[in-house]
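Enquirer: need coordinates for the below:
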Amino acid sequence: MRTDKIILGVMAGVAAGVILGVLFAPDKGSETRKKIARKSSDAVDDLNDQFKENCGGFSG
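Expert: Numbers count the residues shown, from 1 in each chain. Okay, here's the model as predicted:
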C-alpha cells in the first residue's frame, strides 16, 4: 500500500503543477498547450525509464 500512496501523491503533485502552470502562464494558449504536452511527454519517458530500471531484473 505504501507504493500506491507514493504514486498517488506524485500524480497529484504533477496535476497540481500543471493546473498552476496553466493558470499563471504568460504565454498564449497554444504555446502553453505545447509546453504542457512536452513536459508531460518528458515525465512519461522518465517514469518509463525508472520503471525499466526498477523492474528490469524481473522476468516471467
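
Enquirer: quickly find the element holding Lys5.
Expert: Using DSSP states H and E, Lys5 maps to helix 2-23.

Enquirer: for the helix or strand following that helix, buried residues please.
Expert: Next in sequence after helix 2-23, counting helices and strands by DSSP H and E, comes helix 29-55. Within helix 29-55, no residue is scored as buried using 16 or more other Cβ atoms under 10 Å. In short, each C-beta sits where N, CA and C put it, glycine included.

Enquirer: between helix 2-23 and helix 29-55, find me the angle.
Expert: Interaxial angle, helix 29-55 versus helix 2-23 (axes from the mean of the first three to the mean of the last three Cα atoms, to 10 degrees): 160 degrees.

Enquirer: how far does helix 29-55 sit from its chain's centre?
Expert: Distance, stretch centre to chain centre, for helix 29-55: 5 Å (Cα atoms, centre = their mean, to the nearest Å).

Enquirer: helices or strands next to it in the packing?
Expert: Secondary-structure packing of helix 29-55 (3 or more Cβ pairs under 8 Å, 6 or more residues apart in numbering; DSSP states H and E): helix 2-23.

Enquirer: I would like the residues contacting the helix it packs on, please.
Expert: By Cβ atoms under 8 Å, 6 or more residues apart in numbering, the residues outside helix 2-23 that reach it are Thr32, Lys35, Ile36, Lys39, Ser40, Ala43.

Enquirer: got it, and stretch 41-52?
Expert: Under the contact criterion Cβ under 8 Å, 6+ apart, stretch 41-52 has outside partners Val14.

Enquirer: and the spatially most central residue of the chain, how close does it get to Val14?
Expert: For the chain, the residue sitting closest to the mean C-alpha position, by Cα atoms, centre = their mean, is Ala43 at 4.0 Å. Ala43 is 6 Å from Val14, where distance means Cβ to Cβ, to the nearest Å.
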